[in-house]
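In: Predicted coordinates and the sequence they were generated for:
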Amino acid sequence: MQLRLENGRVHVLLDSTVYRVPDPEQVRKHFAAKFLAQDDPPSTMLVAVIDDAVLGLAEVALDPPPPAHQILEPVLSGHVHLVVAERARGLGLGTALAEAAHAWAASRGVRQLVAGIQSDNRPGLRFYESLGYRNNGVVRIKDLPE
């Protein structure tokens with residue numbers, strides 16, 4: 001939970017119009033419902049622990065196959081989200097978590113993983129590129145009046 005909150009604080013600095021620091025209780029409820037309450041959830045949370053401290057996490061969520069009317073190839077895909085505590089960066093935890101996430105996804109037949117990275121997050125973009133992720137389009141956001 002603390003990593004999710006730390007990740008929120010980092011992203012708020014990148015773009016506070018899009019990101020926020022979530023409520024800790026809501027994060028706890030989400031994780032409990034998503035990972036603890038199901039026998040075989042369509043997602044996983046992998047953690048890196050050093051000296052009894054959780055210093056990194058990889059969340060992989062499987063996507064449903066695209067319906068026949070869409071133009072996407074009907075391949076099983078998923079989304080990956082990695083977070084490493086700032087104090088633990090440079091230790092190889094992100095790479096180890098990514099490799100574990102890739103193995104978990106591949107064992108379930110996933111052929112593509114998507115990592116959504118904020119465009120100003122240069123270290124994140126470099127990290128995912130080093131893992132073999134490629135650009136595949138651009139998401140554009142337009143703020144509408146309230």
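Out: Arrived safely.
In: rest of the way, CA atoms for contacts and neighbours
Out: OK.
In: Whichever helix in the chain runs longest: what's the following helix or strand?
Out: For the chain, the longest helix by residue count, based on DSSP state H, is helix 93-107. The C-terminal neighbour of helix 93-107 among helices and strands, as given by DSSP states H and E, is strand 112-114.
In: The spatially most central residue of the chain is in what secondary structure piece?
Out: By C-alpha atoms, centre = their mean, the mean C-alpha position of the chain lies nearest to residue 81, the distance being 1.0 Å. Per DSSP H and E, residue 81 falls inside strand 77-84.
In: Quick check, the residue nearest to the centre of the chain in contact with residue 62.
Out: No. Counting by C-alpha atoms under 8 Å, residue 81 sits too far from residue 62 to count as a contact (11.8 Å).
In: just the helices in this protein please.
Out: 2-14, 24-31, 93-107, 122-130.
In: Columns mean neighbour count on top of these, output as a markdown table?
Out: A markdown table is the format used below for those (neighbours: other C-alpha atoms under 10 Å):
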| stretch | mean neighbour count |
| --- | --- |
| helix 2-14 | 16 |
| helix 24-31 | 12 |
| helix 93-107 | 18 |
| helix 122-130 | 13 |
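In: Out of those, which is closest to residue 50?
Out: With C-alpha to C-alpha as the measure, helix 93-107 is the member of those nearest residue 50 (9.9 Å).
In: Let me know the angle separating that closest one from strand 77-84.
Out: Calculated by axes from the mean of the first three to the mean of the last three C-alpha atoms, to 10 degrees, helix 93-107 forms an angle of 160 degrees with strand 77-84.
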